[in-house]
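J.: Provided below for reference: sequence and predicted model.
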2 protein chains.
Amino acid sequence: MDMPVRTSEDVDLDRLSTALGFLMRLAQLKIYERFFEEVGEYHLKPGEFSVLWVILHNPGIRQSVLGQRLMIKRAHMTKLIRALEDQGLVTRRVPDDDRRAVEITLTPAAADKVRQASHWFFTYEDSVGANLTKDERQQLTGLLRKFVGID
Amino acid sequence: MDMPVRTSEDVDLDRLSTALGFLMRLAQLKIYERFFEEVGEYHLKPGEFSVLWVILHNPGIRQSVLGQRLMIKRAHMTKLIRALEDQGLVTRRVPDDDRRAVEITLTPAAADKVRQASHWFFTYEDSVGANLTKDERQQLTGLLRKFVGID
DNA sequence: AAAAATTTGTTTACAAGGAAACAATCTCCA
DNA sequence: TGGAGATTGTTTCCTTGTAAACAAATTTTT
């Protein structure tokens, strides 16, 4: 008699279980899941943190450049930046040499906040590969860097 | 004089460039981007395909089990299944031994369609790691499998 | 220099996905 | 047996992110 599977461990994924796209999706969901469990005192989502972090290290960066590097579309970047501006975390400035563009800078308070949050953020990031050995983790990071084209 | 960065290659990501969560997000976006460029004749999104594929290999699977395995939340699964049902691809059946549950099966037409689409899907999946060597690709797959806990 | 094409950011409308509250059913235990 | 609690799926509302149309400014062509 042909019983339907009842537990998720019994599910037959067949070739899906070696498909990079599928594995990558599961991996990212796993990371984000734990991230939100532990957001801690800094109420920053991963996306917000990475945007603020990059602005901190590249003051006066333009929205478009920021978006290209973080793979965030322009329409969405507009909303992100406005939300950050509303929280008093960033300032926008239209430069004289190109009045279409917008240059983004952190407010001093935000710079402090981001530097502090970064301790927590990178500690969390380090804990992410806890079920891998140190070597495996490094290998994975290296392969992903090559895969996405970060030299 | 302190010029703001103008090109995305010049952006300083600092430690973000080795953060697993960040790299994983970029990797996934890269995969999906190319996926949608090449959807071909089967108008299936990755999520839809993987759901249909798993139902094909586990006929009569319950929504909840399907969701657990693919990491899709119940609320979202309800919508996915209804959409597939509206397209005539799946049938829902409430089993006698648990009248809360719903067992999902592919219609014969859908089974054919999924089998055919799978050729294209897995060909695409194989092409995904094209900028890695065969060895690296295999390593990456293995590490990801371990990372997400697929034995 | 004027016209055409491109770039930059914004707006609007929409799709994907999740959280929380809910109803129905099932399980466990006193 | 009869609650109390857990599970399953659905609904409603909300967040995140995208696509397409647009306006303003810049660059390229002629």
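T.: Great, that's in hand. Residues are numbered from 1 along each chain as shown, chains lettered A, B, ... in the order given.
J.: wait, residue A:143 sits on residue B:139?
T.: Yes: if you go by C-beta atoms under 8 Å, residue A:143 and residue B:139 touch, sitting 6.3 Å apart. C-beta: built from backbone N, CA, C; applies to glycine.
J.: those two - which one has more neighbours?
T.: residue A:143 (21 against 17; other C-beta atoms under 10 Å in any protein chain shown).
J.: just give the nearest non-adjacent residue to that one, would you?
T.: For residue A:143, ignoring the flanking residues on the chain, the nearest one in space by C-beta to C-beta, 6 or more residues apart in numbering or on different chains is residue B:140 at 4.5 Å.
J.: do the strand or helix carrying the one you found and DNA strand C meet?
T.: Per DSSP states H and E, residue B:140 falls inside helix B:134-148. No: judged by C-beta under 7 Å from any atom of the strand, helix B:134-148 and DNA strand C are separated, with a smallest distance of 14.5 Å.
J.: buried sites along that helix?
T.: B:136-137, B:139-141, B:143-148 (16 or more other C-beta atoms under 10 Å in any protein chain shown).
J.: got the angle between it and helix A:134-148?
T.: Orientation of helix B:134-148 against helix A:134-148 (axes from the mean of the first three to the mean of the last three C-alpha atoms, to 10 degrees) gives an angle of 120 degrees.
J.: and helix B:134-148, what does it pack against?
T.: If contacts are counted by 3 or more C-beta pairs under 8 Å, 6 or more residues apart in numbering or on different chains; DSSP states H and E, helix B:134-148 sits against helix A:20-37, helix A:134-148.
J.: so residue A:92 belongs to a strand, correct?
T.: Yes: with DSSP: H, G, I helix; E, B strand; the rest coil as the criterion, residue A:92 is assigned to a strand.
J.: which stretches of chain A have low pLDDT?
T.: Counting by pLDDT under 70, chain A contains low-confidence residues at A:1-2, A:36-41.
J.: residues of it that sit close to DNA strand C?
T.: With C-beta under 7 Å from any atom of the strand as the criterion, chain A meets DNA strand C at residues A:29, A:36, A:62-64, A:67, A:74-75, A:77-79, A:81-82, A:92, A:98, A:100-102.
J.: using CSV, write down the CA coordinates of the longest helix along chain A.
T.: Ranked by number of residues, the top helix in chain A under DSSP state H is helix A:108-127. In CSV, the C-alpha atoms belonging to helix A:108-127 read as follows (Å, rounded to 0.1, in the frame of the first residue of the first chain):
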residue,chain,number,x,y,z
PRO,A,108,27.2,61.6,13.4
ALA,A,109,24.7,59.8,15.7
ALA,A,110,24.2,57.2,13.1
ALA,A,111,27.9,56.6,12.5
ASP,A,112,28.2,55.8,16.2
LYS,A,113,25.2,53.6,16.2
VAL,A,114,26.4,51.7,13.1
ARG,A,115,29.9,51.2,14.6
GLN,A,116,28.4,49.8,17.7
ALA,A,117,25.9,47.6,15.9
SER,A,118,28.6,46.3,13.7
HIS,A,119,30.1,44.4,16.7
TRP,A,120,26.9,42.6,17.2
PHE,A,121,26.4,42.1,13.5
PHE,A,122,29.7,40.6,12.7
THR,A,123,29.6,38.5,15.8
TYR,A,124,26.4,37.1,14.5
GLU,A,125,27.9,36.6,11.1
ASP,A,126,30.7,34.7,12.6
SER,A,127,28.3,32.4,14.4
